[in-house]
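> build the 3D model from these lines:
(one chain, ligands or ions: 2)
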Amino acid sequence: MPTILPIRHQAPLPLDRLIRRDPPGAEAIEMDVLIVGAGPAGLACAIELARLVKREQERGGDQPDLNIGVLEKAGSLGEHSLSGSVVNPRAFRELFPELEPSDFPFRQPVPGEAVYFMTEGRAQRMPTPPTMHNRGFYTASLCEMVRWLGERAEALGVNLFAGFPADALLIDGTAVRGVRTTASGLDRSGQPGPEYVEPTDLTARITVVAEGTRGALGQAWREWQQVGSPNPQLFALGVKEIWEVARPLDAVIHTLGWPLPNDAFGGSFFYPLGPTQVALGLVVGLDYHDANLDVHELLQRLKLHPLFRRQLEGGQLLEWGAKTIPEGGYYALPTRRSGDGVLFAGDTVGFVDVPSLKGIHYAMQSGMYAARAAFAGLKAGDVSAVALAAYDRMIDESYIVGDMRRTRNMRLAFKDGLYVGGVKAGLMTVTGGRFPGGRIAMPEDASTPRTPVAPRAFTPDGRLTFGKLDAVFKSGNATRDTIPSHLRVGRDVTAEVADFYSHVCPAGVYERVGDELRVNAPNCIDCKATDVLGPRWTPREGGSGPKYRSM
Ligand SMILES: Cc1cc2nc3c(=O)[nH]c(=O)nc-3n(C[C@H](O)[C@H](O)[C@H](O)COP(=O)(O)OP(=O)(O)OC[C@H]3O[C@@H](n4cnc5c(N)ncnc54)[C@H](O)[C@@H]3O)c2cc1C
Ligand code: SF4
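Ligands and ions are numbered 1, 2, ... in the order given. Purely as a prediction, here's the structure:
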């Protein structure tokens, strides 16, 4: 079987589409600050900014109101939000000092925790590594947190525009001046249909990009501005399910080992969500070696293990979804996260600590810093790159970078496989990240060659295990069938590459038909995995994609 080098088949980033030099249209809507993405980063930014304005006004200053807008591609807030999630409440506490943890939109405190090393039939309990302790944290649904944050933002006068994806950054010289939204109502060939709505330009003195993992705008801006990082960003794909169960789960559980091959990095999570629900998922680094590896299918196999089976049996699958996680860590952080008229916050930058699988509080905290830098810039009448670089300094001095520095080589150690990686990770923990000294260099995920290992047949039973089409149904995806494809396929896609894409995508978007690739674009749930390893994802009609309720 031939080896596949994914990067060889990948389409280039469509920079001409994502960065637009033409001036905003005459009907452009003017904002002071425009935030792209209503996730924890974008909403924390909006709330902090609105509060800074109010506080300044209460002090009796001549601070005018600011027109703050948040654009979100999901049809309504939270529908594209997916996380584990165990939340460190630190950023919630800082953003809402007047509230108690019991006021926050969490499901329950972490009741206890356990880590297991798995083989196909057994689960061996291991000591919990210090980087994975969750005492004092809470389990939660990111959809619910996002809706709750959205209500707070709206109450402070922030304008929330759900169903409006940012299609491109509008630029003028080196400055970002706002965004253009995606058209809707196009037919399959890309021509305006009866429901056509043309793109809208929104201009802003400052644009805060908080578009989440593998963000198209962030990638484009960094390429255009030639902003690099010591290592390329790495990604993992997480596939997640929520189940209704008869008995509550009494601990936050993580597993390593089976069903992953030894040369893949990842593990599973199994979290209690109150007395009758559990969340479970499998996260796998996208630098795996087997071209037939399929994260969705591995999650289905995982549920057959006694550790999961005894909890789930007799229960019911409520929701299914998937999303990528930026996991390159400290050395993959871009050297600049600010520029002329623009700031970047949350996962689009890569603020995730991989050993603890945490990004929500970093996203919120970075959003709050972005708000403070934006407010100071607007007050001083200076939104240049020099003025907004204050944000980079805040980030560099924060616990976000402090935490990520301590675990800087942890993910990178696992490029030599689970066992070597495990030993190295232990030494890194003991030395606070000082072992092994310098940076471990990594290639980007798409540069790792893939060789197919003979697949083992798997037939879902429709009770405990599900195929991809049933799974997508459980994501609530109701994308218009006649939408044009938003996925840009590269050249030289052979039959083997088509097979590879069909395994990469958890939502069954890609199929090999004969020796050709068929793309079922409406199935896409915006996880961005193929943007990392295959066809490019671009923004599409607002409201397309999943409709998550409790992810
Ligand atoms: C499987 C999994 C498990 C995880 N577990 C945990 C955990 O237990 N604890 C934890 O702390 N973290 C966890 N994380 C990480 C955490 O979810 C992220 O770090 C966090 O959600 C990042 O917040 P964000 O606001 O930057 O991005 P997001 O939450 O992704 O929000 C970005 C928003 O921007 C929108 N958007 C994107 N592009 C556009 C566009 N062009 N126009 C308009 N809107 C756009 C998206 O629809 C989305 O609503 C997990 C992640 C995954 C995938
Ligand atoms: S096509 Fe959509 S759902 Fe499939 S991997 Fe790519 S982004 Fe994810």
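
> in the stretch 151-300 of the chain, mark out all the helices, start to finish.
Counting by DSSP state H, counting those that start in this stretch, the stretch 151-300 of the chain has helices at residues 216-225, 295-302.

> of all those helices, which lies closest to residue 511?
If you check each of the helices of the stretch 151-300 of the chain against residue 511 by CB to CB, helix 295-302 wins as the nearest, at 14.2 Å. No exception for glycine: its C-beta is placed from N, CA and C like everyone else's.

> so for stretch 391-405, mean pLDDT?
On average, the pLDDT along stretch 391-405 is 97.

> once you drop chain neighbours, what's closest to the residue in the stretch 351-500 of the chain that ligand 1 sits nearest to?
Here the stretch 351-500 of the chain gets closest to ligand 1 at one residue, residue 359, 2.0 Å apart by CB to the nearest ligand atom. In space, residue 359 comes closest to residue 352 once its chain neighbours are excluded; the distance is 3.8 Å by CB to CB, 6 or more residues apart in numbering.

> contacts only, for the one you found.
Residues in contact with residue 352 (CB atoms under 8 Å, 6 or more residues apart in numbering) are 325, 326, 327, 329, 358, 359, 362.

> just the ones of those residues in helices?
Using DSSP state H, the members of those that fall in helices are residue 362.

> nearest to residue 314, of the contacts of residue 352?
For those, the nearest to residue 314 is residue 325 (31.0 Å; CB to CB).

> contacts only, for that closest one.
By CB under 8 Å, 6+ apart, the residues touching residue 325 are 213, 235, 236, 237, 238, 283, 347, 352, 354, 357, 359.

> and if we set it to 6 Å?
With contact set as CB atoms under 6 Å, 6 or more residues apart in numbering, residue 325 has these partners: 236, 238, 352.

> would you turn those residues into a markdown table with pLDDT and distance to ligand 2?
A markdown table is the format used below for the contacts of residue 325 (pLDDT from 0 to 100; distance: CB to the nearest ligand atom, whole Å):
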| residue | pLDDT | distance to ligand 2 |
| --- | --- | --- |
| 236 | 97 | 13 |
| 238 | 98 | 11 |
| 352 | 97 | 18 |
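
> ok, stretch 62-79 near ligand 2 or not?
No: judged by CB under 6 Å from any ligand atom, stretch 62-79 stays clear of ligand 2, getting no closer than 12.6 Å.

> give the buried residues for that stretch.
63, 66-75, 77-79 (16 or more other CB atoms under 10 Å).

> which strand or helix spans the residue lying closest to residue 52 once chain neighbours are set aside?
The shortest distance from residue 52 to any non-neighbouring residue, by CB to CB, 6+ apart, is to residue 375 (4.5 Å). Per DSSP states H and E: residue 375 is located in helix 360-380.

> report the inter-axis angle for the helix or strand following that helix versus helix 216-225.
Counting by DSSP H and E, the next helix or strand C-terminal to helix 360-380 is helix 385-396. For helix 385-396 against helix 216-225, the angle by axes from the mean of the first three to the mean of the last three CA atoms, to 10 degrees is 120 degrees.

> so what's the gap between helix 385-396 and the chain middle?
23 Å (CA atoms, centre = their mean, to the nearest Å).

> over to stretch 28-48?
Taking the mean of its C-alpha atoms, stretch 28-48 sits 17 Å from the chain's own mean (CA atoms, centre = their mean).

> tell me the buried residues in it?
Here stretch 28-48 shows 28-29, 31-48 as buried, counting by 16+ other CB under 10 Å.

> does any bit of that stretch sit next to ligand 1?
Yes: Stretch 28-48 lies within reach of ligand 1 by CB under 6 Å from any ligand atom, at 36, 37, 38, 39, 40, 41, 42.

> in helices, which of those residues appear?
40, 41, 42.

> is it possible to get these out as JSON lines so that each row also shows pLDDT and distance to residue 482?
Shown next, in JSON lines, are those (pLDDT from 0 to 100; distance: CB to CB, whole Å):
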{"residue": "40", "pLDDT": "98", "distance to residue 482": "33"}
{"residue": "41", "pLDDT": "98", "distance to residue 482": "33"}
{"residue": "42", "pLDDT": "98", "distance to residue 482": "30"}
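
> gap between the residue nearest to residue 482 when sequence neighbours are not counted and ligand 1?
In this structure, residue 482 finds its nearest non-sequential neighbour in residue 188, 5.3 Å apart by CB to CB, 6+ apart. Distance of residue 188 to ligand 1, given as CB to the nearest ligand atom, to the nearest Å: 22 Å.

> need the helix or strand of the protein with the lowest average pLDDT.
helix 418-430 (a mean of 58; mean pLDDT, DSSP states H and E).

> list the buried residues in the helix or strand following it.
Next along the chain after helix 418-430, taking DSSP H and E as the criterion, comes helix 468-474. Within helix 468-474, the residues that count as buried by 16+ other CB under 10 Å are 468, 471, 472, 474.

> the first one against residue 509, yeah?
Spelled out, that is residue 468. No: shown here, residue 468 and residue 509 do not form a contact pair, counting by CB atoms under 6 Å, at 9.0 Å.

> I'd guessed residue 165 sits against residue 71; true?
No: contact between residue 165 and residue 71 fails when scored by CB under 6 Å: they sit 7.2 Å apart.

> which residues do those two both contact?
Counting by CB under 6 Å, 6+ apart, residue 165 and residue 71 have no contacts in common.

> sketch out the low-pLDDT regions of this structure for me.
Where the chain drops to pLDDT under 70, the residues are 1, 413-437.

> switch the cut-off to 50
Judged against pLDDT under 50, the chain has no low-scoring part.

> so what's the residue count around the closest residue in space to residue 284 that isn't next to it in sequence?
Spatial nearest neighbour of residue 284, chain neighbours left out: residue 266 (3.9 Å); criterion: CB to CB, 6+ apart. Neighbours of residue 266 under the rule other CB atoms under 10 Å: 21.
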